[in-house]
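Asks: mind folding the following:
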Amino acid sequence: MDMTLFNLRKKKEAGWLAVGLHSGRVEAVRIERGADPDECHRVLRLDVADLRTGAGHDDEFGQVVRREGWGRFRCTTVLNPGEYQLLQTPVPDVAEAEVKQAVRWQMGDALEFPAESATFDVLNIPVPGSGGARGRSLWVAAAPNAAVQRVMNAFDAAGLDLQAIDLPELAHRNLAHLFAEPGRGVAMLHVGEDGALLTFTYEGELYGARRIDVTETQLRDADVERRAALVERIGLELQRSLDNFERLYTFVGITRLLLAPCALAVELADELRSFLYIPLDLADLAQVLDLSAVPALADPAQQGRYFVTLGAALRTGA
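Replies: As a prediction, the model looks like this:
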């Protein structure tokens with residue numbers, strides 16, 4: 001299931017082109033989904049272009065769009081950390097049609113921006129019959145209207161058909177689900193240029209998400225003492241998050257932690273294992289995606305660099 005409030009226009013065609021717009025870089029990924037559950041999804045293209053910041057940025061983005069032919073696809077993009085909040089809350093005791101409005105005011109005090117000038121969406125967190133007495137909960141995504149409008153304006157100016165705006169947590173979930181084992185949940189940690197993100201997924205749904213304020217660049221550039229402190233911060237957050245998740249969701253079995261690809265993955269995995277009571281394994285996207293059309297993605301460092309955009313390209317919602 002995907003959030004739908006950020007859907008912006010009518011359908012154009014099946015499949016998505018995920019476009020990641022960053023300071024100094026734009027990237028696009030298109031994935032062809034397998035025809036049956038046993039067939040790997042195939043990454044059809046990965047396009048990357050450098051952008052100059054400042055004046056003329058939007059026009060330069062449009063030039064890349066026209067050169068690469070992105071305008072013929074329906075597009076999704078992902079908000080950057082700091083542009084939104086994702087929170088959990090109990091389902092309000094109101095009619096289904098009134099849930100979003102109830103949540104808008106219920107969550108107002110928890111937001112870092114005014115609720116009345118924000119865009120909201122909600123996503124159910126399923127609780128199966130074996131989930132015990134735990135009440136129903138929702139994910140609530142909220143973003144300032146100004147942040148959403150900036151994204152829409154940039155894509156409109158570039159001539160792109162932007163139909164949905166996603167969140168990194170949902171892109172992360174899409175990739176984590178590819179590693180799922182029957183009856184088991186997936187805990188996955190990705191350390192990238194925007195920080196570290198830990199997610200818990202089960203049967204294709206996002207059940208937990210935790211951001212850790214440590215970036216790949218910080219780890220790479222740190223001296224020995226500083227790096228040890230950063231790794232310890234990640235390790236302790238993993239411990240707390242795993243313990244908390246297991247208390248909340250007793251019906252989800254987590255038997256290992258997956259470390260998503262990045263340039264530092266092998267060394268970081270060795271450093272983190274001492275903090276964990278479950279095995280830590282490296283996740284290689286080549287195990288779950290057909291990357292033959294984009295040989296550059298055979299490199300785990302490149303998989304990690306474009307991890308969020310790859311996950312966004314797996315969107316299944318309308």
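
Asks: next, count neighbours for residue 156.
Replies: 14 (other Cβ atoms under 10 Å). In this view, the C-beta of every residue, glycine as well, is placed from N, C-alpha and C.

Asks: if you could redo that for residue 125, that was the one I meant.
Replies: Counted with other Cβ under 10 Å, residue 125 comes out at 19.

Asks: quick check: closest non-adjacent residue to it.
Replies: residue 137 (4.5 Å; Cβ to Cβ, 6 or more residues apart in numbering).

Asks: cool, and residue 263?
Replies: Distances taken as Cβ to Cβ, 6+ apart put residue 301 closest to residue 263, at 3.8 Å, once the chain neighbours are dropped.

Asks: so the one you found sits against residue 262, correct?
Replies: Yes. With contact defined as Cβ atoms under 8 Å, residue 301 counts as touching residue 262 (6.6 Å).

Asks: tell me which of the two has more neighbours.
Replies: Ranked by neighbour count (other Cβ under 10 Å), residue 301 and residue 262 place residue 262 first, with 25 against 13.

Asks: phi first, then psi, for the spatially closest residue to that one that is not a sequence neighbour.
Replies: Distances taken as Cβ to Cβ, 6+ apart put residue 304 closest to residue 262, at 3.4 Å, once the chain neighbours are dropped. Residue 304 adopts backbone torsions of phi -70, psi -40, taken as degrees, to the nearest 10.

Asks: next, count neighbours for residue 304.
Replies: Around residue 304 there are 24 residues (other Cβ under 10 Å).

Asks: check residue 223 too.
Replies: Neighbours of residue 223 using other Cβ under 10 Å come to 7.

Asks: what's the pLDDT at it?
Replies: At residue 223, the model reports a pLDDT of 97.

Asks: let me see the contact set for it.
Replies: Counting by Cβ atoms under 8 Å, 6 or more residues apart in numbering, residue 223 touches no other residue.

Asks: cool, residue 194 as well?
Replies: 80-81, 168, 215.

Asks: now the buried members of the residues you listed.
Replies: Applying 16 or more other Cβ atoms under 10 Å to these, the neighbour count classes 80, 168, 215 as buried.

Asks: give me the lowest-pLDDT entry from these.
Replies: Within the set of the buried ones among the contacts of residue 194, pLDDT is lowest for residue 80 (92).

Asks: gap between it and residue 287?
Replies: 28 Å (Cβ to Cβ, to the nearest Å).

Asks: check residue 218 too.
Replies: Counting by Cβ to Cβ, the gap from residue 218 to residue 287 is 28 Å.

Asks: of these two, which one has the most company?
Replies: Neighbour count, other Cβ under 10 Å: between residue 218 and residue 287, residue 218 has more, with 16 against 11.

Asks: the residue nearest to the more buried one when sequence neighbours are not counted: neighbour count?
Replies: Excluding the flanking residues, the one nearest residue 218 by Cβ to Cβ, 6+ apart is residue 230, at 6.0 Å. Around residue 230 there are 21 other residues, counting by other Cβ under 10 Å.

Asks: quickly note the distance from residue 230 to residue 74.
Replies: 40 Å.

Asks: which element, helix or strand, includes residue 236?
Replies: Following DSSP states H and E, one finds residue 236 within helix 224-248.

Asks: in that helix, what's buried?
Replies: 227, 230-231, 234-235, 237-238, 241-242, 245.

Asks: also stretch 29-48?
Replies: 29-32, 40-43, 45-48.

Asks: grab the CA positions of the host helix or strand of the residue nearest to residue 263 and hand them over as CSV.
Replies: Under the criterion of DSSP H and E, residue 301 resides in helix 300-305. In CSV, the C-alpha atoms belonging to helix 300-305 read as follows (Å, rounded to 0.1, in the frame of the first residue of the first chain):
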residue,chain,number,x,y,z
PRO,A,300,27.7,-1.6,-4.0
ALA,A,301,28.9,2.0,-3.6
GLN,A,302,26.7,3.0,-6.6
GLN,A,303,23.8,1.0,-5.3
GLY,A,304,24.0,2.9,-2.1
ARG,A,305,24.4,6.3,-3.8
